[in-house]
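S.K.: only geometry, no sequence info:
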C-alpha cells in the first residue's frame with residue numbers, strides 16, 4: 001500500500017523524520033509486538049480435526065516449555081542434575097509475559113514459544129497455507145522466526161515437513177547427477 005494512501009503511517013513517518021536528537025541524548029521507542037498467525041493460533045483447536053500433517057514423532061512427553069515456565073515463575077528446578085543445569089542455562093534467554101513464554105533473540109525481538117501442536121499448525125500454514133510458498137527446511141524455519149514464533153527443533157521439523165509434503169515431491173526440482 002503506498003504511503004499516500006495510508007494516512008496514519010504517513011503521519012508517523014513524517015513525525016519520526018522531524019525528530020532531531022543531540023548525540024548524547026537517547027530516546028526509547030517501544031514497538032508493540034504483532035503475530036500474524038495469532039488469530040489462527042487461537043482457533044487452532046478447531047483446525048486440529050482438519051487435514052494437518054504432523055511431523056513429530058509420537059512420544060508421550062511433557063511440553064518442552066513447562067520446566068522453563070516453572071523455573072521463571074516459581075523458581076522450581078527439575079530433580080535430574082543435568083536437566084537442572086540445562087534449565088538454568090536456557091532460562092536466561094526466555095521471559096514470561098501474561099502466562100506466555102517468549103524467547104529473546106540477539107536482536108531483542110521476542111518470539112512466542114509454541115507447543116508441538118501449535119508448531120505443527122504453524123508449519124502447515126506457512127508452508128502450504130493460503131500464502132504458503134512451499135519453501136524448504138531452513139528457509140521455512142527462518143520465515144517462521146520472522147513471523148515471531150519459536151520452538152527448539154524448528155529447523156529439523158521444517159526439513160521433515162518439507163520432505164513429507166506431497167506437492168513439493170511432485171513439483172520440486174530434480175537433482176541431475178551423472179550416473
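M.R.: Looks like it arrived, so ask away. These numbers were taken from a predicted model, which means no experiment stands behind them.

S.K.: list the residues that contact the nearest residue to residue 134 once chain neighbours are set aside.
M.R.: Excluding the flanking residues, the one nearest residue 134 by C-beta to C-beta, 6 or more residues apart in numbering is residue 168, at 5.3 Å. Glycine gets a C-beta too; all of them are placed from N, C-alpha and C. Neighbour list for residue 168: 134, 136, 162 [criterion: C-beta atoms under 8 Å, 6 or more residues apart in numbering].

S.K.: of these, closest to residue 73?
M.R.: residue 162 (35.5 Å; C-beta to C-beta).

S.K.: my read: that closest one touches residue 133, true?
M.R.: No. Under the criterion of C-beta atoms under 8 Å, residue 162 is not in contact with residue 133, lying 11.1 Å apart.

S.K.: between these two, what contacts are shared?
M.R.: residue 127.

S.K.: who has more neighbours out of these two?
M.R.: Higher neighbour count among residue 162 and residue 133: residue 162, with 23 against 12, using other C-beta atoms under 10 Å.

S.K.: ok, which stretches of the protein are strands?
M.R.: Ranges of strands in the chain, per DSSP state E, are 94-97, 100-104, 110-113, 149-150.

S.K.: tell me the pLDDT of residue 91.
M.R.: On the pLDDT scale, residue 91 is placed at 94.

S.K.: contacts only, for the nearest residue to it once chain neighbours are set aside.
M.R.: Of all residues not flanking residue 91 in the chain, residue 71 sits nearest, at 5.2 Å (C-beta to C-beta, 6+ apart). For residue 71, the contact set (C-beta under 8 Å, 6+ apart) comprises 77, 87, 88, 91.
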